[in-house]
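Peer 1: here's my sequence, what's the structure:
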Amino acid sequence: MLTLTRRAALLAGFGLALAMSSAISSAAAQTPTPIRFTLDWKYQGIHSWYFVAQEKGYFRDEGLEVTIDQGEGSAATVTRIMSGAYDAGFGDINAVIQQASQKPADAPVMVYQVYNRPPFSVLTKADSGIDSIKELAGQKVGGPAGSAATRLLPALLARNGVAETSVEVLNMQPNLQEQMLIRGEVAASLVFNVTSYVNLIQQGQDPDTGFRWLDYADYGLDLYSNGVMVSQSLARDKPEAVKGLVRAINRAVKDVIADPASGVKALTAIEPLVDAKSEQRRVAFAFDTLMITPETRKIGLGDVDDARLGRSIDVMAEAYTLQDKPKVSQVFDRSFLPPPGERSIGPATN
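Peer 2: So this is what the prediction gives:
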């Protein structure tokens, strides 16, 4: 027979074991979910909301531990995720369309659309005499061979009644596009406008008055572009983590819209070598040109119009001769988005 003292000791030990077990379970439940996140390029103002989400603890609030790395291009974001090196990233939905056609089991899915308009532009000097796409006929234009802006040029020309053979395309390195245009070696450059805008500033040029931007979206190629994408495995196995990731980023985007300087401040805390003034201009340009549009004001940040995305898929299938056209649902999944009220930015005030 157990003595009272021994029984008390056993009960106390049992209680301690239960408490320890409960504490371990609680700690395990609170362990943040790690997410490896890749950007599309070197740190820039257009990445500031990710660092705001990190700095303000929005990721932590969602039970996430997000590691953010620089990228090697918008399309490379897709292949990095497909390789398993990253769980999520900021990259081009048009590259998702290509991979969803060719490798549907491996392609990531877009869960939060950031650029409502594509950043592809024909850049020319203000005094070049080129006021529309039609006036590219008989001109020499420059662009990197593998860039989306260059690959989509035939489709752009076709939609504007310009014979492809009438335009000479000079292959050039991305870092030479603005220089060769300024020197008059080409009449126009096929650029990623949110990048070229600041490149011109850094070369002592005024991108607003000294140059003309002919945006692909205004000339028949109304595509979507960069946004937040995740691997199929993350979406399938950890849907709450994906919802949390999107919620945190959406909060941060709205913060930067309200106070762009705070976003650039968060960026410079990570990368002190960036020029804060130039990056703040880049953020303003991105908001005005790519992100805050009549459609965004109607459907909210992060979402897409399915019919428009379907037309974008048709354009990409033609431009890249895709054998199989993916469905809209294979490319974009809105089930991870916060409610519309949390993504609303309201009507224009002017």
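
Peer 1: average model confidence for the helix or strand hosting Ala158?
Peer 2: According to DSSP states H and E, Ala158 maps onto helix 153-159. The predicted model gives helix 153-159 an average pLDDT of 96.

Peer 1: what's the domain layout of the protein?
Peer 2: 32-117+229-343, 120-219 (automatic domain parsing).

Peer 1: make JSON lines from the ones you listed and add mean neighbour count to it.
Peer 2: In this view, the C-beta of every residue, glycine as well, is placed from N, C-alpha and C. Output for those, formatted as JSON lines (neighbours: other Cβ atoms under 10 Å):
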{"stretch": "domain 32-117+229-343", "mean neighbour count": "19"}
{"stretch": "domain 120-219", "mean neighbour count": "18"}
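
Peer 1: returning to that earlier point: average pLDDT for the helix or strand just after the helix holding Ala158, rounded please.
Peer 2: The helix or strand immediately downstream of helix 153-159 is strand 168-171, counting by DSSP H and E. For strand 168-171, mean pLDDT rounds to 97.

Peer 1: what's downstream of strand 168-171, the next helix or strand?
Peer 2: Strand 168-171 is succeeded, C-terminally, by helix 177-182 (DSSP H and E).

Peer 1: what does that following helix rub up against?
Peer 2: 123-125, 142-144, 170, 172, 186, 188-191, 196, 199-200, 203, 205 (Cβ atoms under 8 Å, 6 or more residues apart in numbering).

Peer 1: what does stretch 264-272 give?
Peer 2: 43-45, 47-48, 51-52, 54-55, 274, 276, 279-280, 283.

Peer 1: so, low pLDDT: which residues of the stretch 251-350 of the chain?
Peer 2: Low-confidence segments of the stretch 251-350 of the chain, defined by pLDDT under 70: 349-350.

Peer 1: any chance of the contacts of stretch 264-272 in CSV, plus secondary structure and distance to Gly300?
Peer 2: Formatted as CSV, the contacts of stretch 264-272 follow (DSSP: H, G, I helix; E, B strand; the rest coil; distance: Cβ to Cβ, whole Å):
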residue, secondary structure, distance to Gly300
Tyr43, coil, 27
Gln44, coil, 24
Gly45, helix, 22
His47, helix, 21
Ser48, helix, 20
Phe51, helix, 23
Val52, helix, 19
Gln54, helix, 23
Glu55, helix, 24
Val274, coil, 30
Ala276, helix, 29
Glu279, helix, 26
Gln280, helix, 25
Val283, helix, 20
